[in-house]
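# Provide a 3D model corresponding to the input given below.
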Amino acid sequence: MTKFRKFINVVIGLGLLLIGWEAVVLAGEYEPSLLPSPLMVFKGIQELIANGTFFTHIQVSLLRFFIGYSIAVLLAIFLGLILGWFQKIWDVIDPIVQVLRPISPVAWFPFIVLWLGIGDIPAIAIIFIAAFFPVLLSTVSSVKKIDKTYLKVARNFGIKQPFVFTKIIFPAAFPNIVTGLHLALGSAWVFLVSGEMVGSQSGLGYLIIDARNSMRTDLLLSGIIMIGVSGLLLDKLITLFEKWVGKTWGIPSEPGR
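Numbering: from 1, shown residues only. Next up is the predicted model:
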């Protein structure tokens, strides 16, 4: 599919969404205070950008996200490579991971506040928890699925540790690890906003709560849309990072990416 065709599909999809939204508003089922029109929301976005509110909160959220997500990804990939390689150790760790993984990061929030206090650290901790497990599990699974032929070739060429990890295992596993990076990004971004709604005085989550408390549903929907667009752009950055790693390490990208 060409880029132009993708662009046309995006325009059509957004157009249908706006038409359906405007139709519901014109039907008169909801007051403007309950469901603002697309035009009202567009003006709300302009207001947030003009007064600098959006940029103030997005900077805070992106900083928190970058710190928590980066630490989680680096640690998860490092441990995933090791645990995926040493199967017996993973067999012991796996039950612990499977018990902790389904627990929502927000459920840990009371303990996080008690242990770490208030401010940026609790939000960063929630991001870390949300991103860590998807990347860890995808890395372990990717290492276990590596074609054994690669390892035989490494032995034939006399490649020793730790170069087996850097030259063979990581490049071979990376195309599948990327899936975990995308899943972790979506999960971490969602829980960042959730954490900011209940435990912060800044950030995009706080922007949503502040708009709700002010009964400005136009700003509330504006904030929601901006959160979605920001998450989409972050996901695109992961795709660019994937391509950069592919070029640097000589890893072929999957078709369509």
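
# count of residues packed around Q46?
Under the neighbour criterion other CB atoms under 10 Å, Q46 is assigned a count of 11. Using the backbone N, CA and C atoms, a C-beta is placed for each residue, glycine as well.

# wait, doesn't S202 sit right on I58?
No - between S202 and I58 no contact is recorded; they are 10.3 Å apart, counting by CB atoms under 8 Å.

# where are the low-confidence patches of the stretch 101-250 of the chain?
Judged by pLDDT under 70, the stretch 101-250 of the chain has its weakly predicted residues at 150-151, 154, 156-163, 199, 248-250.

# In it, what residue spans correspond to helices?
Along the stretch 101-250 of the chain, counting by DSSP state H, counting those that start in this stretch, helices occupy 109-116, 120-144, 148-156, 163-164, 170-199, 204-213, 217-249.

# Out of those helices, which gets nearest to A76?
Proximity to A76, assessed across the helices of the stretch 101-250 of the chain by CB to CB, is greatest for helix 120-144 (3.7 Å).

# Give me the buried positions along the closest one.
Within helix 120-144, the residues that qualify as buried by neighbour count (16 or more other CB atoms under 10 Å) are 120-143.

# so what does it touch, helix or strand wise?
Here helix 120-144 is seen to pack against helix 53-85, helix 87-100, helix 109-116, helix 170-199 when contacts are counted using 3 or more CB pairs under 8 Å, 6 or more residues apart in numbering; DSSP states H and E.

# which of the residues in the first one are buried?
Buried residues in helix 53-85, defined by neighbour count with 16+ other CB under 10 Å: 53-54, 57-58, 60-61, 64-65, 67-69, 71-73, 76-77, 79-85.

# Not including adjacent chain positions, what is the nearest residue to F54?
In space, F54 comes closest to L48 once its chain neighbours are excluded; the distance is 4.1 Å by CB to CB, 6 or more residues apart in numbering.

# Much appreciated, bye for now.
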